[in-house]
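S.K.: Sequence plus the predicted model coming up.
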Amino acid sequence: MLIEVSGLRDLFPSGLRFVFWKRWIYSRIQVKLPTAQYSDVRINISQNGHKHPRSLLVRGLGPLRRLCSNLLQFFGLKQLYDTKLTHAYALEILHWMSEDISTIDDTKLEQSGVYDAFFRAIKYGVIEVVMGILKANPDILTVLNKNGRGILDSAVEHRQEKIFSLIYVLGTRKYMLISGTDQCQNNILHIAAKLATPDRLAHISGAVLQMQRELQWYKEVESIVNPLSQEYTNSSNEKPSQIFSDTHKQLVSDGEQWMKETATSCTVVGALIITIMFTAAFTVPGGNVQDTGFPLFLHKKSFMVFIISDAISLFASSTSVLMFLGVLTSRYAEDDFLKSLPTKLIIGLSTLFISIAAMMVTFCATLIIMLEGELKLVIPITLLASIPVTLFILLQFPLLVEIFVSTYGPGIFDRKIKYCY
């Protein structure tokens with residue numbers, strides 16, 4: 001049963017896929033397990049060939065569970081409560097299993113399936129199972145799988161950053177884990193240089209972010225190994241840098257194509273906005289006074305809004321076009337995908353959004369000046385003017401946030417992870 005549970009990531013908090021506000025609510029839900037009805041707990045796991053989790057049914061929960069469930073369902077939070085309850089029961093079952101593992105003789109661990117469950121949990125990123133097994137028997141930390149790879153090698157192979165983050169709390173023991181080689185004489189840097197499996201890349205949006213994530217993994221592993229490991233050759237006489245370049249050629253090509261297409265489209269939009277805003281600055285609403293040449297509505301507040309928003313839109317769109325031109329003329333080297341290209345894309349998309357928003361403000365200010373007092377027309381048209389900005393936010397803002405977090409966020413590795421062995 002431990003082998004089956006070790007691959008069911010959705011049963012544990014590490015498999016949580018809620019958006020940030022649901023995560024916030026989830027962290028504040030309190031779940032209390034019944035103390036006298038464990039005999040009524042039943043796990044029903046359906047598998048479809050890939051052995052992915054389908055359901056966890058828990059019965060005999062008592063009146064307290066039913067009351068809480070009804071209240072949360074009333075507020076639309078029953079799914080969060082059920083998820084939290086599922087995780088609580090899974091952790092409790094894991095605790096029982098860990099106690100059993102601690103009683104097994106070391107010579108019988110492999111036969112009992114503990115090693116298989118351990119590496120299966122690493123493959124699927126079930127950090128709770130990995131830590132539970134290690135706490136039950138810390139000696140399993142140095143166990144190798146059939147390919148001669150240990151816990152850190154397997155974590156890098158399957159791109160499981162939560163498992164790999166254990167390296168930050170292992171102290172001097174980590175050097176023993178990162179200095180070995182597998183059956184093909186690959187060290188841990190060789191493993192990091194290979195392209196991630198398609199199922200791990202599928203969780204990342206776009207070839208650019210996928211390439212960035214691959215570089216983050218490679219650079220992170222490179223920073224912890226001996227510098228001589230960079231020149232070490234495997235049984236195929238390949239260095240880690242050679243493997244990285246060979247296996248990531250297609251990803252670099254796809255990322256380059258996506259960046260150029262995005263930059264070209266955004267450059268066209270930015271150039272149109274520049275033309276419109278530049279023209280609007282010299283054809284002000286209401287015209288100019290013939291004697292002085294000053295704008296007729298110079299002293300109106302709405303006119304000042306018009307001028308300021310026009311200038312902001314013009315300058316922001318100009319910056320956006322320059323950034324996207326920088327993207328188009330980039331050399332597209334591998335290291336450029338780490339920060340250079342994402343930074344240009346962040347600035348370009350941000351300034352393009354600002355220019356579109358400021359352009360809509362300019363348009364609304366012009367309507368207010370020209371249709372003074374006609375609120376029946378001004379208000380509906382102003383509301384319609386917010387539609388393009390809203391659409392841009394819905395379509396592009398999530399991508400912008402994802403790129404920003406991936407480039408300048410806290411990173412995928414948890415250096416503050418807590419683990420005691």
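M.R.: Arrived safely.
S.K.: Where does residue 80 sit, in terms of helix or strand?
M.R.: Per DSSP states H and E, residue 80 falls inside helix 78-101.
S.K.: Per-residue pLDDT of the spatially closest residue to residue 162 that is not a sequence neighbour, please?
M.R.: Leaving aside its chain neighbours, residue 162 sits nearest to residue 127 (4.4 Å; criterion: Cβ to Cβ, 6 or more residues apart in numbering). No exception for glycine: its C-beta is placed from N, CA and C like everyone else's. Model confidence at residue 127, given as pLDDT, is 91.
S.K.: Over to residue 32?
M.R.: 79.
S.K.: Neighbours of residue 402, how many?
M.R.: Residue 402 is flanked by 15 other residues according to other Cβ atoms under 10 Å.
S.K.: mind checking the SS state of it?
M.R.: Classification of residue 402 by DSSP: H, G, I helix; E, B strand; the rest coil places it in helix.
S.K.: Show the contacting residues for it.
M.R.: 205, 209 (Cβ atoms under 8 Å, 6 or more residues apart in numbering).
S.K.: Check the gap between it and residue 345 for me.
M.R.: According to Cβ to Cβ, to the nearest Å, residue 402 and residue 345 sit 11 Å apart.
S.K.: low-scoring stretches of the stretch 201-350 of the chain, by residue?
M.R.: 285-299 (pLDDT under 70).
S.K.: In it, what residue spans correspond to helices?
M.R.: 206-224, 240-247, 249-282, 301-328, 340-370 (DSSP state H, counting those that start in this stretch).
S.K.: One more: the stretch 51-200 of the chain?
M.R.: In the stretch 51-200 of the chain, the segments counted as helices under DSSP H, counting those that start in this stretch are 62-74, 78-101, 114-124, 127-136, 151-157, 161-164, 173-178, 188-193, 198-201.
S.K.: What's the local residue count around the residue nearest to residue 162?
M.R.: 24.
S.K.: Residue 187 is in contact with residue 180, isn't it?
M.R.: Yes: using Cβ atoms under 8 Å, residue 187 is in contact with residue 180, at 7.4 Å.
S.K.: CSV for the helices of the stretch 201-350 of the chain, including mean neighbour count and distance to residue 121?
M.R.: Output for the helices of the stretch 201-350 of the chain, formatted as CSV (neighbours: other Cβ atoms under 10 Å; distance: least, Cβ to Cβ, whole Å):
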stretch, mean neighbour count, distance to residue 121
helix 206-224, 19, 20
helix 240-247, 17, 26
helix 249-282, 16, 28
helix 301-328, 20, 41
helix 340-370, 21, 32
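S.K.: Dump the ones you listed to JSON lines, plus distance to residue 408.
M.R.: Formatted as JSON lines, those follow (distance: least, Cβ to Cβ, whole Å):
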{"stretch": "helix 206-224", "distance to residue 408": "12"}
{"stretch": "helix 240-247", "distance to residue 408": "23"}
{"stretch": "helix 249-282", "distance to residue 408": "18"}
{"stretch": "helix 301-328", "distance to residue 408": "16"}
{"stretch": "helix 340-370", "distance to residue 408": "8"}
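S.K.: Can you check which of those helices gets nearest to residue 30?
M.R.: Among the helices of the stretch 201-350 of the chain, the nearest to residue 30 by Cβ to Cβ is helix 206-224 (35.1 Å).
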